[in-house]
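Colleague: please work out how this folds:
(one chain, ligands or ions: 1)
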Amino acid sequence: MKHPVAYLGPRGTFTHEAVRRLFPETDYQHTPCDSIPDVLLAVDRGEFAHGVVPMENAIEGSVNLTLDWLVHHVDVTLTAELIHPINQNLMTHPDHAQWPLSRFTRVLSHPQAVAQCRSHLRELLPGATISYVDSTAEASRQVAGHPEEAWVAIGPQSSGLLYGLTILESGIQDYPNNFTRFISVGRPWTHRTRAIVGWKTTLLITLPSDFPGALHRVLTSFSDCEINLSRIESRPTKKKLGTYYFFIDAEAGLDHPGIAKAIADVEHWGCQVRQLGSYPCYTFDKIGDPLPVDNGR
Ligand SMILES: O=C(O)C(=O)C[C@]1(C(=O)O)C=C[C@@H](O)C=C1
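Modeller: The predicted structure follows:
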């Protein structure tokens, strides 16, 4: 039996590309969900063994919806990381393939994708209205379904192919080297053939109130144990202005001799620590790593 994997759909999203790389279709059944919360809730309820959502982008930074749902709404474990290249395309219905860009009145896409292309959009389509939808593939689906409208979508080539759109401009992100970090959540697993390139442990840390230098203590605890931190991200607690949770990514698995000590040390200083997961990291962007074919199921 194939293990069920939920992802941010519909088919053709960047998240779908990440899922096709991480969870081979020979072993896993891919199921699209309408939104990031839907994926996380479905895994939390045990309806899927695994789920995949975007976590962070090289240009736009954190995917706050993912971070906030991990903190406030679900209790799921992070089980793997995939860094996946992101190339944004401006696409339209084939009926409008010959139109000058000035004729288009509306741009549809996911907020992260729009933010990655903000400067280019100002140059290419200065007068167009921007409409945000739940994913890039949903934008492509809507543009394909409305040939009577002067609309364009921003998204991956795979969504354009799937929904029969024509690419007007490719690589419209404002900076090269655009990558998104995706995470899988749910039951522990490891890729059957792919080499693990590193391990990370993600912790959610709440500092004690009114303790000068508390964050400094946290950082020192990790450096004393010779653990490199690859990321610190704060999100508001949503309870009181000026209070935050800190997402900390340590470049170490739980078997690292220093990690238990660093966590104990941080707790000793009065911080609360929630372990969100300790997981292997994968990359697939080398030449000779083509995206597996989307077989349409
Ligand atoms: O809309 C999609 O295609 C997604 O998979 C979501 C998402 C994101 O939320 O970051 C994934 C990768 C890109 O950074 C842009 C959009």
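Colleague: distance of the residue most central in space within the chain relative to residue 6?
Modeller: Note on the chain: the residue nearest the mean C-alpha position is residue 54, at 1.1 Å, using CA atoms, centre = their mean. As judged by CB to CB, to the nearest Å, residue 54 and residue 6 stand 14 Å apart. C-beta: built from backbone N, CA, C; applies to glycine.
Colleague: now for those two: what residues contact both?
Modeller: When CB atoms under 8 Å, 6 or more residues apart in numbering defines a contact, no residue borders residue 54 and residue 6 alike.
Colleague: show me what contacts the residue nearest to the centre of the chain?
Modeller: 8, 14, 15, 18, 36, 63, 66, 112, 180, 181, 182.
Colleague: at 7 Å instead, please
Modeller: Taking CB atoms under 7 Å, 6 or more residues apart in numbering, we find residue 54 in contact with 15, 63, 66, 180, 182.
Colleague: now residue 281
Modeller: 81, 196, 197, 198, 199, 200.
Colleague: okay but the fifth one is in contact with residue 280, surely?
Modeller: Right, the one you point to is residue 199. Yes. With contact defined as CB atoms under 7 Å, residue 199 counts as touching residue 280 (5.9 Å).
Colleague: okay, the two: which has more neighbours?
Modeller: residue 280 (21 against 18; other CB atoms under 10 Å).
Colleague: local confidence estimate at the more buried one?
Modeller: Looking at residue 280, its pLDDT stands at 97.
Colleague: what is the burial count for the closest residue in space to it that isn't next to it in sequence?
Modeller: Distances taken as CB to CB, 6 or more residues apart in numbering place residue 196 nearest to residue 280, at 4.1 Å, with adjacent residues excluded. When neighbours are counted by other CB under 10 Å, residue 196 registers 13.
Colleague: can you classify residue 196 by secondary structure?
Modeller: Of the three states, residue 196 takes coil under DSSP: H, G, I helix; E, B strand; the rest coil.
Colleague: tell me where the stretch 1-150 of the chain has strands.
Modeller: Applying DSSP state E, counting those that start in this stretch to the stretch 1-150 of the chain gives strands spanning 3-8, 28-33, 50-57, 61-62, 78-85, 89-92, 106-109, 129-132.
Colleague: which of those strands sits closest to the ligand?
Modeller: strand 50-57 (3.6 Å; CB to the nearest ligand atom).
Colleague: mind showing which ranges of this structure have poor pLDDT?
Modeller: Counting by pLDDT under 70, the chain has low-confidence residues at 285-290, 293, 295-297.
Colleague: swap in 90 and give it another go.
Modeller: Low-confidence segments of the chain, defined by pLDDT under 90: 1, 191-195, 208-214, 242-243, 254-255, 257, 283-297.
Colleague: remind me, longest strand of it?
Modeller: When the chain is parsed with DSSP state E, its longest strand is strand 272-283.
Colleague: please identify the buried residues of it?
Modeller: Neighbour counts over strand 272-283 (16 or more other CB atoms under 10 Å) mark 276, 277, 278, 279, 280, 281, 282, 283 as buried.
Colleague: with respect to the ligand, which of those is nearest?
Modeller: residue 283 (15.4 Å).
Colleague: bridging residues for the spatially closest residue to that closest one that is not a sequence neighbour?
Modeller: Spatially, and ignoring its direct neighbours in sequence, residue 283 is nearest to residue 83 (5.0 Å; CB to CB, 6+ apart). Counting by DSSP bridges, residue 83 is bridged to residue 181, residue 283.
Colleague: just the buried ones from the contacts of residue 54?
Modeller: Judged by 16+ other CB under 10 Å, buried ones among the contacts of residue 54: 15, 63, 66, 180, 182.
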